[in-house]
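Colleague: Sequence and predicted model, in that order:
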Amino acid sequence: MGKQDAEEGAKLTPSRPKKDAGVAEAAAQPASEGAEAAAAANGEAAANGDAAAAEKPKPKRKPKEPKPPPGPLYDVSMRPPRFEGPAHRFLSWNVAGFRALIKKDAEALKKLVALEQLDAVCLQETKLQERDVEKIVQEAGLTDWHVTFNCSTAKKGYSGTATLCREKPLSIRVGMGVEAHDDEGRVVAVELSDLWLVNVYVPNSGEGLKRLDYRVGEWDKAFAHFLKELQQGPGGKPVVLTGDLNCAHCEIDIHNPKGNLRSAGFTQEERDSFGQQVLGHAGLVDSFRQQHPGVVGYTYYSYRFNARASNRGWRLDYFLVTSDLADKVHDSYILKEITGSDHVPLGLVLRKA
């Protein structure tokens, strides 16, 4: 908001004429005094006019209209008709605290499972310790599911992932198997009959980008190698990767790209690493962007600035698939209307045949 500064004009004070005995000067004095008096009066009027103009409030500036999005906004009406054949039905959600979600709505997950007829649910940022797991699963009403938690041992109430499966997985990997990266509970991989389902919560580069070098220089490379190993190692299978990848890959994936060039999650370093390591080296395809090119669909909204209502968000959460699964993607969707976290759930329907 601009400030109004009022300057009041200085009043002119008539000077007294010098006394002189000369007749001519004496005769001229009244005219001089009259002129100066008139000038003083004019000065006062001008000053009063300036003050009045200064006191008059300037019209308020109209708020800037929000810039239109670079493409159509994603809506659930864009989802294809339900696929009735054999399919994997997965859901992913950064819940920003599993306990907090259950307090808000104890049946939040159970309702989503029923609505989408899910086979597996992948959660990030669970913020639990091992001793909390059994009770939370009971409260969520999913005790008959096969549940794998990876809890942070580096810090309590921090990070953490969980994968819940309707059917028992063939095998499970908790962490990448790299000690330097496995103490924050960020990875769970479950082997299903025809693929690996990998659940990840990628480290945020942090305030002041203090973890940026670690993120792009160490974590991303180790994680890409892990994904490649699942595909090409003994008994290798295609991979479905989901979770909070903490990167808005392209400008269309963030509401204000120019204003966030040095914000964690949108630095050029993170975006390049995402493309080179996760998509490139690991050979994965962005299922949402493949199905909805040019469509704006966000998965994260800050609690500040009324961000969700004004659709000022980021797309940080993904379902990525290996190229041999890309043509089997029937539906890659976002459930913006579901509340309970600053992230929204997203899902994948993947045909089995």
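Modeller: Received, thanks.

Colleague: what residue is smack in the middle of this protein?
Modeller: W314 (3.5 Å; CA atoms, centre = their mean).

Colleague: Would you check how far apart that residue and D213 are?
Modeller: 22 Å (CB to CB, to the nearest Å). (Each C-beta comes from the backbone N, C-alpha and C, glycine too.)

Colleague: got a pLDDT number for A35?
Modeller: pLDDT recorded at A35 is 47.

Colleague: check contacts around V121.
Modeller: F90, L91, S92, W93, L109, L112, V113, L142, T163, L164 (CB atoms under 8 Å, 6 or more residues apart in numbering).

Colleague: at 7 Å what do you get?
Modeller: Residues near V121 by CB atoms under 7 Å, 6 or more residues apart in numbering: L91, L109, V113, L164.

Colleague: Once you drop chain neighbours, what's closest to the third one?
Modeller: Counting by CB to CB, 6 or more residues apart in numbering, V113 lies nearest to V121, which is 6.8 Å off, once chain neighbours are set aside.

Colleague: can you confirm the one you found is in a strand?
Modeller: Yes. V121 sits within a strand when classified using DSSP: H, G, I helix; E, B strand; the rest coil.

Colleague: Among the contacts of V121, which pair sits farthest apart?
Modeller: L91 and L164 (9.5 Å; CB to CB).

Colleague: what number of residues lie near Q117?
Modeller: Using other CB atoms under 10 Å, Q117 is surrounded by 11 other residues.

Colleague: residues touching it, list them.
Modeller: R89.

Colleague: Determine how far the longest strand seen in the chain lies from the middle of the whole chain.
Modeller: When the chain is parsed with DSSP state E, its longest strand is strand 87-94. Remark: strand 87-94 is offset 20 Å from the chain centroid, using CA atoms, centre = their mean, to the nearest Å.

Colleague: Show me what that strand is packed up against.
Modeller: For strand 87-94, the elements it packs on are helix 108-116, strand 120-124, strand 239-244, strand 317-322, strand 346-351, judged by 3 or more CB pairs under 7 Å, 6 or more residues apart in numbering; DSSP states H and E.

Colleague: And stretch 308-323, what's buried?
Modeller: R308, R312, G313, W314, R315, L316, D317, Y318, F319, L320, V321, T322 (16 or more other CB atoms under 10 Å).

Colleague: Same question for stretch 114-127.
Modeller: In stretch 114-127, counting by 16+ other CB under 10 Å, buried: E116, L118, D119, A120, V121, C122, L123, Q124, E125, T126, K127.

Colleague: Contact partners for the second one?
Modeller: So the one you mean is L118. Counting by CB under 7 Å, 6+ apart, L118 has contacts R89, F90, L91, L112.

Colleague: Could you tell me how many residues sit around the third one?
Modeller: It refers to L91. Residues near L91, counting by other CB under 10 Å, number 24.

Colleague: which non-adjacent residue is nearest it?
Modeller: L91 sits nearest to G347 (CB to CB, 6+ apart), 4.6 Å away.

Colleague: surely E107 meets L142?
Modeller: No. Here E107 does not reach L142: they are 10.2 Å apart, not a contact under CB atoms under 7 Å.

Colleague: Who has more neighbours out of the two?
Modeller: Legend: neighbour count by other CB under 10 Å for E107 and L142, higher for L142 (17 against 13).

Colleague: pLDDT at the more buried one, what is it?
Modeller: 94.

Colleague: I'd like to know how far it sits from K168.
Modeller: Taking CB to CB, one finds L142 at 14 Å from K168.

Colleague: Setting aside sequence neighbours, what's the nearest residue to L73?
Modeller: The shortest distance from L73 to any non-neighbouring residue, by CB to CB, 6+ apart, is to V296 (5.2 Å).
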